[in-house]
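Colleague: When you get a sec, could you give me coordinates for this:
(4 chains)
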Number of protein chains: 4
Amino acid sequence: MLNFTSTVRVAYSDTDQMGYVHHNNYVKYFENARWEMFEQMGIPYSEIERKGYMLPVIRMDLKFIKPVLYDELLTIETILQKISEARLIFRFKAFNEKHILVNKAEISLAFIDAKTRIPCIAPEFICEKIAIHRIL
Amino acid sequence: MLNFTSTVRVAYSDTDQMGYVHHNNYVKYFENARWEMFEQMGIPYSEIERKGYMLPVIRMDLKFIKPVLYDELLTIETILQKISEARLIFRFKAFNEKHILVNKAEISLAFIDAKTRIPCIAPEFICEKIAIHRIL
Amino acid sequence: MLNFTSTVRVAYSDTDQMGYVHHNNYVKYFENARWEMFEQMGIPYSEIERKGYMLPVIRMDLKFIKPVLYDELLTIETILQKISEARLIFRFKAFNEKHILVNKAEISLAFIDAKTRIPCIAPEFICEKIAIHRIL
Amino acid sequence: MLNFTSTVRVAYSDTDQMGYVHHNNYVKYFENARWEMFEQMGIPYSEIERKGYMLPVIRMDLKFIKPVLYDELLTIETILQKISEARLIFRFKAFNEKHILVNKAEISLAFIDAKTRIPCIAPEFICEKIAIHRIL
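Modeller: Okay, here's the model as predicted:
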């Protein structure tokens, strides 16, 4: 199981007229968090695409526990929960500055061959990096 | 069970560099679809807010079945699946122009008192409208 | 001079915590308006891309005259102001339901060859359609 | 004249199917940059709102000089160009990692009394902080 912690500052444009972060922004926060994790592991997402693979989201399940305000600093915990032949499953927890859990999510991605646009098995250069980081 | 059908045209700004609709846009499509449904039922969301209530999303679970391209016209089927004392649960299906299911979602909302910002039971003016439309 | 009128309903996710439409959304409203205009003229933007051209924005100048609220229906007047060898200049006016001008903009786009990613002159199939619609 | 430099990493959701940053995202980058500047000056925007003022954008003029790709790190130079009785005018320059200018903008904001929603003169607590930082 691979863990990663990152932070994100809530932008003004992320709020809506309730005065809270609009629910679709968590999707962006978690997307940025998982690619920051991969960047740290030596497999930046831009390289994955350059090598001919794409990783579209095939499922996302988010629970909104506490509302979040403009300018709050969120801490995101990212866990690479599962790697199957053709999929990655990530879990995310977002905490506010008082260490209160504000959001919990599970997001699944599939490996796609960018040329054929057909699902494919996880390429070796990714599996290797994940294996190395599991051991560390 | 209440049904509603609406359409949405995919905007250029909804795409990402994969050439598909970025996954966070479905969240907006479904938000617009449910408030169009409520508008048709005589309870526009702007009136709900004016009367002192808010309906934040507390959970959303989306499955991405087929990628969608710029300029496609999606048909959204919205079902008001369940109304409990304090919650609404919606189900959504999005179809492309070839009538192929591209996305399936379940999204739950909670009634909040806008003044106290505390969860509350569904206000009568909403329950009444829902009851009328169930019978029709 | 080519004119086109379209409408857009303000989505909840377009608001921010001031309770108004966040300023970056007008950019999307005007983008959708100009491609609706081109669609009507028989040159949908998706076809322009399929034929190997892109039309990125090279300048945008927007004036925010009146704030706009959630659920307002805006009427957008689009004018294709100028066509030079390599550019299109559009002017936009957005009006609220009381016919009050809420936003005014000028947005310039350049023709780019999608393969070389180098600026190019306006392709004939676009110039022809524009010429036809000028005469009508 | 007050200067401030900040950075922003281009998110995947900021790209469109051209493979470049969609033009409306620069608006967010510059909004975040100016409030980071104000935060550094001891007047976070959240405090401005808490004290009863709002600063909506009344004009924005952006020039797109070079396209920007996913995952690029942009350096934003923010200049508080002018403070009049009722307005702030900011200038922005965005540079890519090769120090090439990619975007140039001028964005004007007006002071609004949040209660009456009427334009007002710049509150003293902001003018003071700006005056202090001009001298430094």
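Colleague: Please name the nearest non-neighbouring residue to A:Y29.
Modeller: Distances taken as Cβ to Cβ, 6 or more residues apart in numbering or on different chains put A:V8 closest to A:Y29, at 5.0 Å, once the chain neighbours are dropped. Where C-beta positions appear, they are placed from N, C-alpha and C, glycine not excepted.
Colleague: secondary structure element for the one you found?
Modeller: When elements are assigned from DSSP states H and E, A:V8 belongs to strand A:2-9.
Colleague: gap between the most centrally placed residue in chain A and C:F92?
Modeller: When chain A is reduced to its mean C-alpha position, the nearest residue by Cα atoms, centre = their mean turns out to be A:R34, at 3.2 Å. Counting by Cβ to Cβ, to the nearest Å, the gap from A:R34 to C:F92 is 37 Å.
Colleague: one step back: distance from the strand holding A:V8 to the middle of the chain?
Modeller: Relative to its parent chain, strand A:2-9 has a centroid offset of 9 Å by Cα atoms, centre = their mean, to the nearest Å.
Colleague: list the helices and strands that strand packs on?
Modeller: Here strand A:2-9 touches helix A:25-40, strand A:73-83, helix A:124-135, going by 3 or more Cβ pairs under 8 Å, 6 or more residues apart in numbering or on different chains; DSSP states H and E.
Colleague: can you pull the contacts of the closest residue in space to A:V21 that isn't next to it in sequence?
Modeller: Once flanking residues are discounted, A:V21 sits nearest to A:V68: 4.4 Å by Cβ to Cβ, 6+ apart. Counting by Cβ atoms under 8 Å, 6 or more residues apart in numbering or on different chains, A:V68 makes contact with A:V10, A:Y20, A:V21, A:L74, A:A94, A:N96, A:V102, A:N103.
Colleague: Could you identify the buried members of those?
Modeller: For these, a neighbour count by 16 or more other Cβ atoms under 10 Å in any protein chain shown gives the buried set as A:V10, A:Y20, A:V21, A:L74, A:A94, A:N96, A:V102, A:N103.
Colleague: gap between the residue lying closest to the last one once chain neighbours are set aside and chain C?
Modeller: In space, A:N103 comes closest to A:A94 once its chain neighbours are excluded; the distance is 4.1 Å by Cβ to Cβ, 6+ apart. When Cβ to the nearest Cβ, to the nearest Å is applied, the distance between A:A94 and chain C equals 19 Å.
Colleague: A:K104 too?
Modeller: From A:K104 across to chain C, the span is 22 Å (Cβ to the nearest Cβ).
Colleague: Confirm that that residue sits in a helix.
Modeller: No: according to DSSP: H, G, I helix; E, B strand; the rest coil, A:K104 belongs to no helix; its state is strand.
Colleague: Can you give me the neighbour number for the closest residue to it other than its chain neighbours?
Modeller: Using Cβ to Cβ, 6+ apart and skipping residues adjacent in sequence, the residue nearest A:K104 is A:K63, 4.7 Å away. Neighbour count of A:K63, defined by other Cβ atoms under 10 Å in any protein chain shown: 17.
Colleague: A:K63 contacts B:I58, doesn't it?
Modeller: Yes: the pair A:K63 / B:I58 is scored as a contact, 7.1 Å apart, by Cβ atoms under 8 Å.
Colleague: Give me the phi and psi for A:C120.
Modeller: With angles defined as degrees, to the nearest 10, A:C120 sits at phi -140, psi 170.
Colleague: Just give me the neighbour total for it.
Modeller: Under the neighbour criterion other Cβ under 10 Å, A:C120 is assigned a count of 16.
Colleague: now the nearest residue to it once chain neighbours are set aside: how far from A:A131?
Modeller: Once flanking residues are discounted, A:C120 sits nearest to A:D113: 4.5 Å by Cβ to Cβ, 6+ apart. Between A:D113 and A:A131 the computed distance is 22 Å (Cβ to Cβ).
Colleague: From A:S46, how far off is A:H133?
Modeller: 19 Å.
Colleague: what does A:E97 give?
Modeller: 31 Å.
Colleague: Just want to know which of the two has more residues nearby.
Modeller: Neighbour count, other Cβ under 10 Å: between A:E97 and A:S46, A:S46 has more, with 18 against 10.
Colleague: where does the residue of chain A most remote from its centre land in three-state SS?
Modeller: Using Cα atoms, centre = their mean, the residue of chain A lying farthest from its centre is A:Q17. It sits 26.4 Å away. Put simply, A:Q17 is coil when judged by three-state DSSP.
Colleague: and the nearest residue to it once chain neighbours are set aside, bridged to which residues?
Modeller: In space, and not counting its chain neighbours, A:Q17 is closest to C:T15: 4.1 Å by Cβ to Cβ, 6+ apart. Note on C:T15: beta-bridge partners C:V21, judged by DSSP bridges.
Colleague: Can you get me a residue count around C:T15?
Modeller: Count around C:T15 with other Cβ under 10 Å applied: 22.
Colleague: Could you verify my assumption that it touches C:H22?
Modeller: Yes: applying Cβ under 8 Å, one finds C:T15 in contact with C:H22, separated by 6.8 Å.
Colleague: What residues does chain A have near chain B?
Modeller: Proximity of chain A to chain B is confined to A:17-18, A:20, A:23-25, A:27-28, A:31, A:49, A:54, A:56-64, A:67, A:117 under the rule Cβ under 8 Å from any Cβ of the partner chain.
Colleague: Quick check: ChimeraX command selecting the buried ones in those.
Modeller: For the buried members of the residues of chain A next to chain B, the matching ChimeraX selection, counting by 16+ other Cβ under 10 Å, is:
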select /A:17,18,20,23,24,25,27,28,31,49,54,56,57,58,59,60,61,62,63,64,67
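Colleague: which parts of stretch A:85-105 are buried?
Modeller: Neighbour counts using 16+ other Cβ under 10 Å place A:87-96, A:102-105 of stretch A:85-105 among the buried residues.
Colleague: Model confidence for the residue lying closest to A:D16 once chain neighbours are set aside, exactly?
Modeller: In this structure, A:D16 finds its nearest non-sequential neighbour in A:H22, 4.2 Å apart by Cβ to Cβ, 6+ apart. The model reports A:H22 with a pLDDT of 98.
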